[in-house]
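*Asks:* turn this into a structure:
(2 chains)
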Number of protein chains: 2
Amino acid sequence: MAKELVFGHQNPDTDAIVAAISYAYLQKQLGPDVEAVALGDPNEETAYVLKHFETEAPRVIKTAANEVKQVMLVDHNEPQQSVSDIADVEVSHVVDHHRINNFNTANPLFYRAEPVGCTSTILWEMYDEHEIAIPTKIAGLMLSAIISDTLLLKSPTTTEKDRQAVVALAKIAGVDYQSYGLDMLKAGTNLDSKTEAELIDMDAKSFEMNGKSVRIAQVNTVDLDSVLQRKAAFEKVINQEIADKNYDLFVLIMTNILNSDSEGLVLGSASGQANFEKAFDKKLVDNLVALPGVVSRKKQIVPPLTAAY
Amino acid sequence: MAKELVFGHQNPDTDAIVAAISYAYLQKQLGPDVEAVALGDPNEETAYVLKHFETEAPRVIKTAANEVKQVMLVDHNEPQQSVSDIADVEVSHVVDHHRINNFNTANPLFYRAEPVGCTSTILWEMYDEHEIAIPTKIAGLMLSAIISDTLLLKSPTTTEKDRQAVVALAKIAGVDYQSYGLDMLKAGTNLDSKTEAELIDMDAKSFEMNGKSVRIAQVNTVDLDSVLQRKAAFEKVINQEIADKNYDLFVLIMTNILNSDSEGLVLGSASGQANFEKAFDKKLVDNLVALPGVVSRKKQIVPPLTAAY
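*Replies:* Here you go, the predicted model:
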């Protein structure tokens, strides 16, 4: 079998990097010649995770078709979140926990999705189904991805399976997931060292909604006030992005990981902002809106916004 | 949990009917309140199968939203092959072995696809993963579906997993799959009792290709000559269908299940016929073309035709 590349989405978060590593390991045990790669460098949280579990960051690729004919996607399926030349390769496998949108294939493929909190939870099940033991370090990485995606099992995306996976993986990895998890999340919230332009691109995804392009970025923090003090500077770089990339709407979700509340900064066309107000039945005040209890882009932002569009 | 309906595609074949029955049984063991239904009556082969394994045909539905909010799809995902009001319900689960096309969801869901010969092969794996025993009659039904979809393991869609499933299911069902399989396939090829209009709708699916609608029907036979003698009558009803439904192309595949060769009758727009000729690098003669070794719509017709469009 020809070699295939395995990778997560652009602007990779911990799950995108880690799921590629753990799925590649699982596939190698099953036979296929695969390599885990990434569509970007690890963010600070992921760098902390990789260092803690002594694993090298995957090689970063810009295109895939120059290397392989087939690829395996983890933690995403929508083409605009994938490698730039995704149309020039065949997707043979997908493991994901997001909605399916704009994903079309010419041939049957392997596709595994479940509505759970994290791709790594599905991979934990798949290791079990194939009766393949999870190496200690990879268990630590998978545990970290679930903690990251579910904000330590507090996000509404969290399912019973995620909880079971966290307990089982923490045991293999030999860590106390509560204390390790908090340290890890805090490592990802060091925002002071980053420019506003970096922050709005760190964990951002584009969505097509009724023909319009909507960008949703999220930053996690333990100090929301200091993030909000940078509002004017955020608005400047976001409006520049909107002009450059022709977004109809740009939503920046600023999430306090200690109490799971968020503040939204919502910029774009008048009709785009109106769609946001309709989606959440709230008025924007000076482009800002309080979103108490909202921590999940996938479960709490994308569905109502898609419906409003 | 609110009740959900489980069903296969329109113009159901044996896998579409049987996968709904066996997936509904599996789901019930896991908890959800589900009912297997169908989007049409069983064909002659499926009727033979249901009678042999003493199982009632599922209730036929025309719409779903009047009964439930959520549905589970088996053996298909493309909306135009599904229930007429599929846009008005939410798809919560899919188990399928086809390409993914035009399938979009607002929310994450359970999706399980593998490039194997039959949905029932994937379900056989899923029973094993959940450690749920397959009842004797359901094992017989699942065995029949795999024999049907793979033409007794002779179709190029057949994989090693399909072979393993057939052997395992035949053991549970207590039948000799070779002799039972041939009887079953022959039961489905009694074409004399049917009109041409019935035959072109019996196992037919629509595909969107580059914005055009393409219909691909298939009939299995043990006597190709007697089918070809009805060519003029087939052309008349197919041209009527093309006019009524605005198909760009209508392909009727007539397959000799004894030697796995087919003859194609290809009607439609001049550019549509040209696309077919380009896809197979063959000239139509009097709208007919020999397709030796071609038995799989999914693997041998749809991909080259999609590429040509």
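*Asks:* which residues are contacting the helix or strand where A:Gln273 lies?
*Replies:* A:Gln273 belongs to helix A:270-280 when assigned by DSSP states H and E. With contacts defined as Cβ atoms under 8 Å, 6 or more residues apart in numbering or on different chains, helix A:270-280 is touched by A:212, A:214, A:248-249, A:251, A:264, A:266-267, A:283-284, A:287, A:289, A:291, A:304-305, A:307-309. (Each C-beta comes from the backbone N, C-alpha and C, glycine too.)
*Asks:* so which of those residues also contact chain B?
*Replies:* Residues of the contacts of helix A:270-280 in contact with chain B (Cβ under 8 Å from any Cβ of the partner chain): A:Ala307.
*Asks:* take the contacts of helix A:270-280 and keep only those in strands.
*Replies:* Members of the contacts of helix A:270-280 lying in strands (criterion: DSSP state E): A:212, A:214, A:249, A:251, A:264, A:266-267, A:289, A:291.
*Asks:* who wins for most neighbours among the residues you listed?
*Replies:* Highest neighbour count within the ones in strands among the contacts of helix A:270-280: A:Val251, with 26 neighbours (other Cβ atoms under 10 Å in any protein chain shown).
*Asks:* up against chain B, what does chain A have?
*Replies:* When proximity is defined by Cβ under 8 Å from any Cβ, chain A lies next to chain B at A:97-115, A:129, A:298-299, A:302-303, A:306-307.
*Asks:* format the ones in strands among the contacts of helix A:270-280 as JSON lines; extra columns: pLDDT.
*Replies:* Below are the ones in strands among the contacts of helix A:270-280 laid out as JSON lines (pLDDT from 0 to 100):
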{"residue": "A:Lys212", "pLDDT": "95"}
{"residue": "A:Val214", "pLDDT": "96"}
{"residue": "A:Leu249", "pLDDT": "97"}
{"residue": "A:Val251", "pLDDT": "97"}
{"residue": "A:Gly264", "pLDDT": "97"}
{"residue": "A:Val266", "pLDDT": "97"}
{"residue": "A:Leu267", "pLDDT": "97"}
{"residue": "A:Val289", "pLDDT": "97"}
{"residue": "A:Leu291", "pLDDT": "96"}
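*Asks:* kindly indicate which of the residues you listed lies nearest chain B.
*Replies:* A:Val214 (13.5 Å; Cβ to the nearest Cβ).
*Asks:* isn't the closest one up against A:Ile242?
*Replies:* No: at 10.7 Å, A:Val214 and A:Ile242 do not qualify as touching, with contact defined as Cβ atoms under 8 Å.
*Asks:* and for the two, which residues touch both?
*Replies:* A:Phe250.
*Asks:* any chance you could map the helices in chain A?
*Replies:* According to DSSP state H, chain A carries its helices in the segments A:14-30, A:44-52, A:119-129, A:136-150, A:160-173, A:177-187, A:196-202, A:224-228, A:231-245, A:270-280, A:302-308.
*Asks:* contacts only, for A:Lys299.
*Replies:* Here A:Lys299 is in contact with A:155-157, B:107-108 (Cβ under 8 Å, 6+ apart).
*Asks:* quick check: closest non-adjacent residue to A:Ala133.
*Replies:* Distance criterion Cβ to Cβ, 6 or more residues apart in numbering or on different chains; nearest residue to A:Ala133, sequence neighbours excluded, is A:Tyr127 at 7.6 Å.
*Asks:* that neighbour against A:Ala139, yeah?
*Replies:* No: between A:Tyr127 and A:Ala139 no contact is recorded; they are 9.3 Å apart, counting by Cβ under 8 Å.
*Asks:* more crowded one of these two?
*Replies:* The neighbour count for A:Tyr127 versus A:Ala139, taken as other Cβ under 10 Å, is higher for A:Ala139 (25 against 20).
*Asks:* isn't that one right next to A:Leu169, touching?
*Replies:* Yes: with contacts counted by Cβ under 8 Å, A:Ala139 reaches A:Leu169, the gap being 4.7 Å.
*Asks:* thinking again about what came up before, quick one: the residue nearest to A:Ala133 from B:Glu114, how far?
*Replies:* Distance, A:Tyr127 to B:Glu114, using Cβ to Cβ, to the nearest Å: 17 Å.
*Asks:* ok, the residue in the stretch 151-300 of chain A that chain B sits nearest to - contacts?
*Replies:* Closest residue of the stretch 151-300 of chain A to chain B, Cβ to the nearest Cβ: A:Lys298 (6.7 Å). Residues counted as contacts of A:Lys298 (Cβ under 8 Å, 6+ apart) are A:98-99, A:157, B:108.
*Asks:* can you put the residues you listed in CSV and add distance to B:Val18 and neighbour count?
*Replies:* Shown next, in CSV, are the contacts of A:Lys298 (distance: Cβ to Cβ, whole Å; neighbours: other Cβ atoms under 10 Å in any protein chain shown):
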residue, distance to B:Val18, neighbour count
A:His98, 30, 23
A:Arg99, 29, 22
A:Thr157, 34, 22
B:Pro108, 28, 22
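*Asks:* pLDDT and distance to A:Lys194 added to these, as CSV?
*Replies:* Below are these laid out as CSV (pLDDT from 0 to 100; distance: Cβ to Cβ, whole Å):
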residue, pLDDT, distance to A:Lys194
A:His98, 96, 26
A:Arg99, 94, 29
A:Thr157, 91, 25
B:Pro108, 94, 30
